[in-house]
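**Q** No letters, just coordinates:
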């Protein structure tokens, strides 16, 4: 199975790689790692070693595509196209990184927690009107939401302890309590906010590949208080999540255990 994980920045990519390298190391030896070039980007690849003759390894490619939905979409589409042309297409795409957590709701996402996406939502794609914000779908165009496979969401939540909810994609990070309240009112199911997920999901959908988003919460959504950010803790939680991902893929039935393959 081949998984593409797309982050915004190198620190997030490296956390993903640390997690997957530890998780995919079989009893017989360490996972193999390598760097591969695709046009405009470099992939960090982790490959589990097969433990039985004919076993198919789990391949995880991590890509730091840049900040924002446009950069994320471009990087994801480039990697997906390169893989398809080479004859080794991806089976799953994951948007991953740190992000803000909505904390006002009863089932909020506090700093240090993990969120796995029930839905990946473009929260500010649309138009302002005198009556308020209209999503682009109400203007008769496109989509504002992608839903990951339910079985995969449930398995990842169980394996990582993540909260399930909507992850909002925004082009401008929320910096006020008023904006945080407006987003929560617009999408009551929102648990986290980031800047790349919807771009990753659009590219994955164009290629017909399932998509998922995983976020480790580094700060509350709302007024910017850098002294309260816990980026290091969030990156550590992200690495732990990806250490658990192979087991979640097995539980979801999308990837058999390496040791059970013929």
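**A** That came in fine, so what should we check first? Owing to the predicted nature of the structure, the values given are computational and were not obtained by experimental measurement. Residues are numbered from 1 along each chain as shown.
**Q** wait, isn't residue 32 in contact with residue 46?
**A** Yes - the pair residue 32 and residue 46 passes the contact test of CB atoms under 8 Å, sitting 7.4 Å apart. From N, CA and C alone the C-beta is placed, and that goes for glycine too.
**Q** ok, those two, which is more surrounded?
**A** For residue 32 versus residue 46, neighbours defined as other CB atoms under 10 Å are more numerous around residue 46 (27 against 15).
**Q** what's across from the more buried one in the sheet?
**A** residue 33, residue 60 (DSSP bridges).
**Q** Need the per-residue pLDDT for it.
**A** We have a pLDDT of 92 for residue 46.
**Q** Ok, residue 33 next?
**A** Note on residue 33: pLDDT of 85.
**Q** what's the distance between it and residue 92?
**A** 19 Å (CB to CB, to the nearest Å).
**Q** Compare those two and say which is more crowded by neighbours.
**A** More neighbours surround residue 92 than the other of residue 33 and residue 92, with 23 against 14 (other CB under 10 Å).
**Q** Give me the neighbour count for the closest residue to the more buried one other than its chain neighbours.
**A** Excluding its sequence neighbours, the residue lying closest to residue 92 (CB to CB, 6 or more residues apart in numbering) is residue 3, at 4.8 Å. If you count neighbours by other CB under 10 Å, residue 3 ends up with 24.
**Q** roughly how far is whichever strand or helix holds residue 3 from the heart of the chain?
**A** Using DSSP states H and E, the element containing residue 3 is strand 2-7. Computed by CA atoms, centre = their mean, to the nearest Å, the chain-centroid distance of strand 2-7 equals 8 Å.
**Q** How about stretch 103-123?
**A** 13 Å.
**Q** How about stretch 74-83?
**A** Using CA atoms, centre = their mean, the offset of stretch 74-83 from its chain centre is 16 Å.
**Q** can you start the count at 51 instead of 1 from here on
**A** That works, and once the first residue is 51, the last one we named lands at stretch 124-133.
**Q** And the average pLDDT for it is what?
**A** Here the average pLDDT along stretch 124-133 is 97.
**Q** same deal with stretch 234-242?
**A** Average pLDDT, stretch 234-242: 93.
**Q** Please identify the buried residues of that stretch?
**A** 234, 236, 237, 239, 240, 241, 242 (16 or more other CB atoms under 10 Å).
**Q** which one among the residues you listed gets closest to residue 184?
**A** residue 236 (10.5 Å; CB to CB).
**Q** before we move on, back to that, tell me the angle the next helix or strand after the strand holding residue 53 makes with strand 52-57.
**A** Where DSSP H and E defines the elements, the next helix or strand beyond strand 52-57 is helix 60-74. Counting by axes from the mean of the first three to the mean of the last three CA atoms, to 10 degrees, helix 60-74 lies at 150 degrees to strand 52-57.
**Q** All set, thanks.
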